[in-house]
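[1] how does the following fold in three dimensions:
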Amino acid sequence: MMKATLIYEIFGKKSSTNFEISNTSSTISDDNSYELKLDTKITNNDILYMGDLFWKSPQRPSVGLKLLSLSISISNFDKDNSFSFFQHGYQSWGFSTVYNGSERDTSPILQFLKTSEENYFTQHSGKLGDFISEGLTILYNSELKKGFIYGVADDSEQNTKFRVQLTRENKISSIEFIYDLYHLPDFKGNQGIKLTTIKQISITNDPYLAMDEYAKSLGKKNGVKRNDQPVPTGWCSWYYYYTGISEKIILDNLNEIKNRKLPIEFFQIDDGYQKEIGEWLIPNQKFPAGMGFLADEIKKVGLKPGIWLAPFLIRKNSSFYQMYPEALLKDENGNPIQAIWQPIWGLDDTYCMDITHPIALDYLEKVFRTMTKEWGYNYLKLDFLYAGSLDGVAYNGKISPAQKYRNALELIRKTVGKNTFLLGCGAPIMPSIGIFDGMRVSCDVTPFWSIHWLRKLLQDKHALSTESALINGLNRAFMHRNFWLNDPDCLIIRKDKNSMTYPQTILMATVMGLSGGMLLISDNLSTLDESRMPILEKSLALSKKCQKNNSIPLGFMESKFPGGIYNPGGAYGFWNPENKPSELKFYFPYPLPFEKANDHWTDEKFTAYEFDAETSILKIKLEPFQSIAFLIENE
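    Below you'll find the model as predicted:
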């Protein structure tokens, strides 16, 4: 028997009601107010869960009723075998990797970090083996080579997540589907609330290949047409200058690209040009000629101009905040909702607009029309997009956070047109499918390897670091060309302002190049050491080899940081992300590259491996942070 719990509130007072679901598809809540219809469809050992929620009581719903969440506990899962668990993060920066029952699912200690990195509506218990995964999850037994995928199966009307509890022996004790409703229901007539369809997929071999097929299907459901064009390559101002850019700095780097004849396509101006966060159409005094002038200059050297903005964020000094306080998202007391605390912008809070308000929507349309049609930018990086799905008292409170976010994205896409490249960042993953051309799939990279000690102290597993960014890029590789083009973030190759060692830099370049995703650099090109240019050239060669076929991470669901990539186009890579020598072990049913080519980075023959042809088990010995790559012609 399945069980369900609906949590709601009336004028802020929380209550709940329960359902017991037997073999019939319809059940009434224990307070006789709601009807839950849940149908299951079984096809080739896969199961679709489809549902609707209706108001059943003869009395009208109470004024002030707000539905919060619906959780459904299922019982038809494998209780005998042990499984590893894949936790998928809510948005671009959400850390995504594999866990076991002896680990904890914790949130950052500080609320502003939780707000800006996790689902606003998800509460992680921090108990052993109790995990919540956003949008999709995987349970997999690597010895038996079997498991299950649970994931959304259509254009989500609600953010949907999966709570799985594992014992210390990694056996499943419970599975729940949780729907984030968080809106005022409109139960008119027989109108109900359609629940996001969930798909349960049986895995019988390689979990990554199963995920790739799932992603293809979900992409098609959301209107994604596979893009087989080469991925964008380019330059971005952020990771060397941060907000310290100027018109002169932009023109100097543009001139360097021209003089060096770098084989890139885009030139992106990041944060630092605008007068204020939320004041996107007025540049600051460091850009006297304006942003349209820079777009023209970029085009003159044969590149496509790109620009950054955080369209849903607003700060107090912006004219929008001053002129349209009614279009800010507020709490029940009329106070603006904090979207983030970012000291690089100032020590006070940054807020978000109410993206259901007509004034906010008109402003968004004006901003995007100006940037694309008047200034001439055809590559836009949209950042901090999670702010569009925060909870608050909205102008239109009758739609879920996922719906209001999706509606705003559709307005943006309609305004800029289909020929403008939209890159999402800090974006809720599932409701973004079908809108964006590219998507950041990781936290920010950094000029250092591991998470800073202070962020570790704050239990912030989503904190920015190059190591975490590479982990996410590998574990979300199944999204590439199925949802959008994956953006693993920028490659840092410089010596100055970079505390990564040379092997760590090469490891970064290896993973990013072999991912086949977008490839941008973010260095001061006027001071870049010539000895580092071959890193970019060789990274581009790796990427080029991985364009026709999607790359396959090796060791997916077996380690937090998969240790290799195979691309059917003839590209291979292996790495040791640890600060100690390691022996990697893979199931490797692919042609061996070691006798056909030398290492791409050193041009030396690699011999520190063993291969068992009967079991297809490959063992590789690597030094700390060592990475190797191979390109095979005519494969």
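
[2] ranges for the helices of the chain?
    With DSSP state H as the criterion, the chain has helices at 111-117, 207-221, 238-241, 247-260, 291-300, 319-323, 358-369, 401-416, 453-457, 466-475, 502-515, 533-545.

[3] gap between the third one and the chain center?
    Taking CA atoms, centre = their mean, to the nearest Å, one finds the center of helix 238-241 at 21 Å from the center of the full chain.

[4] contacts made by that helix with the rest, please.
    249, 270-272, 308, 444-445, 447, 490, 492, 494, 497, 522-524 (CB atoms under 8 Å, 6 or more residues apart in numbering). Every C-beta, even on glycine, is put in place using the N, C-alpha and C of the backbone.

[5] shouldn't Asn100 be in contact with Thr167?
    No: using CB atoms under 8 Å, Asn100 is not in contact with Thr167; the gap is 10.2 Å.

[6] now the stretch 401-550 of the chain, which segments are flagged as low pLDDT?
    Regions of the stretch 401-550 of the chain meeting the criterion pLDDT under 70 are absent.

[7] which residues of the protein score low on pLDDT?
    In the chain, residues with pLDDT under 70: 24, 635.

[8] center of it - which residue?
    Nearest to the geometric centre of the chain sits Ser92, at 2.6 Å (CA atoms, centre = their mean).

[9] distance check, that one against Ile355.
    Separation of Ser92 from Ile355 (CB to CB, to the nearest Å): 18 Å.

[10] what's the burial count for Lys127?
    11 (other CB atoms under 10 Å).

[11] so the closest residue in space to Phe19 that isn't next to it in sequence bridges to which residues?
    Sequence neighbours aside, Ala4 is the residue nearest to Phe19 in space, at 4.1 Å (criterion: CB to CB, 6 or more residues apart in numbering). As for beta bridges, Ala4 partners with Phe19, Ile72 under DSSP bridges.

[12] report the buried residues of stretch 523-535.
    Asp523, Asn524, Leu525, Leu528, Arg532, Ile535 (16 or more other CB atoms under 10 Å).

[13] got it, and stretch 154-168?
    Asp155, Ser156, Glu157, Gln158, Asn159, Thr160, Lys161, Phe162, Arg163, Val164, Gln165, Leu166.

[14] cool, and stretch 101-111?
    Those would be Gly101, Asp105, Ser107, Pro108, for stretch 101-111 by 16+ other CB under 10 Å.

[15] switch those residues over to a markdown table; also include distance to Ile245.
    Below are the buried residues of stretch 101-111 laid out as a markdown table (distance: CB to CB, whole Å):
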| residue | distance to Ile245 |
| --- | --- |
| Gly101 | 47 |
| Asp105 | 38 |
| Ser107 | 33 |
| Pro108 | 29 |
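
[16] and of the residues you listed, the nearest to Asn259?
    When the buried residues of stretch 101-111 are compared for distance to Asn259 (CB to CB), Pro108 wins out at 44.1 Å.

[17] that closest one and Thr122, how far apart?
    With CB to CB as the criterion, Pro108 and Thr122 are 12 Å apart.

[18] equivalent analysis for Trp93, please.
    Counting by CB to CB - Trp93 and Thr122 are separated by 14 Å.

[19] of these two, who's got more company?
    Trp93 (26 against 19).

[20] OK, contacts around the nearest residue to that one once chain neighbours are set aside?
    Nearest residue to Trp93 in three dimensions, chain neighbours excluded: Cys443, at 4.4 Å (CB to CB, 6+ apart). Applying CB under 8 Å, 6+ apart, we find Cys443 in contact with Ser92, Trp93, Phe95, His462, Ala463, Leu464, Ser465, Ser468, Ala469, Asn472, Asp489.

[21] can you point out the buried residues in stretch 490-499?
    Cys490, Leu491, Ile492, Ile493, Arg494, Asn498.

[22] what's the span of it, first residue to last?
    16 Å (CA to CA, to the nearest Å).

[23] check stretch 163-176 too.
    Stretch 163-176 end-to-end distance (CA to CA) = 5 Å.

[24] what of stretch 365-385?
    Start-to-end, stretch 365-385 (CA to CA) is 16 Å.

[25] over to stretch 42-62?
    Terminal residues of stretch 42-62 lie 38 Å apart, using CA to CA.

[26] try stretch 6-21
    13 Å.

[27] can you give me the offset of it from its chain's centre?
    Worked out by CA atoms, centre = their mean, stretch 6-21 lies 31 Å from the chain centre.

[28] what of stretch 105-115?
    For stretch 105-115, the distance to the chain centre is 17 Å (CA atoms, centre = their mean).

[29] can you give me the strands for the stretch 251-400 of the chain?
    Secondary structure of the stretch 251-400 of the chain, counting by DSSP state E, counting those that start in this stretch: strands at 266-269, 274-276, 279-283, 304-309, 313-314, 338-340, 350-352, 379-382.

[30] tell me which of those strands sits nearest to Asp612.
    strand 266-269 (45.0 Å).

[31] isn't Asn227 right up against Leu485?
    Yes: counting by CB under 8 Å, Asn227 touches Leu485, with 6.5 Å between them.

[32] between the two, tell me which one has more neighbours.
    Leu485 (21 against 13).

[33] list the beta-bridge partners for the more buried one.
    Gly438.

[34] quick one: contacts for it?
    Leu485 sits in contact with Asn227, Val231, Pro232, Asp437, Gly438, Met439, Gly517, Met518, where contact means CB under 8 Å, 6+ apart.

[35] hmm, try it at 10 Å
    227, 229-232, 421, 423, 436-439, 479, 516-518 (CB atoms under 10 Å, 6 or more residues apart in numbering).

[36] ok, those vs Arg455, which is closest?
    Nearest member of these to Arg455, counting by CB to CB, is Met439, at 23.5 Å.

[37] hang on, the earlier thing: got any residues that touch both of Asn227 and Leu485?
    What both Asn227 and Leu485 touch, as defined by CB under 10 Å, 6+ apart, is the set Asp437, Gly438.

[38] pretty sure Tyr214 sits against Gly151.
    Yes: between Tyr214 and Gly151 there is a contact at 6.0 Å, judged by CB atoms under 10 Å.

[39] what is in contact with those two at once?
    Leu136, Ile138, Lys199, Ile201.

[40] look up the closest residue to the third one, ignoring the ones flanking it.
    Sequence neighbours aside, Ala153 is the residue nearest to Lys199 in space, at 3.9 Å (criterion: CB to CB, 6+ apart).
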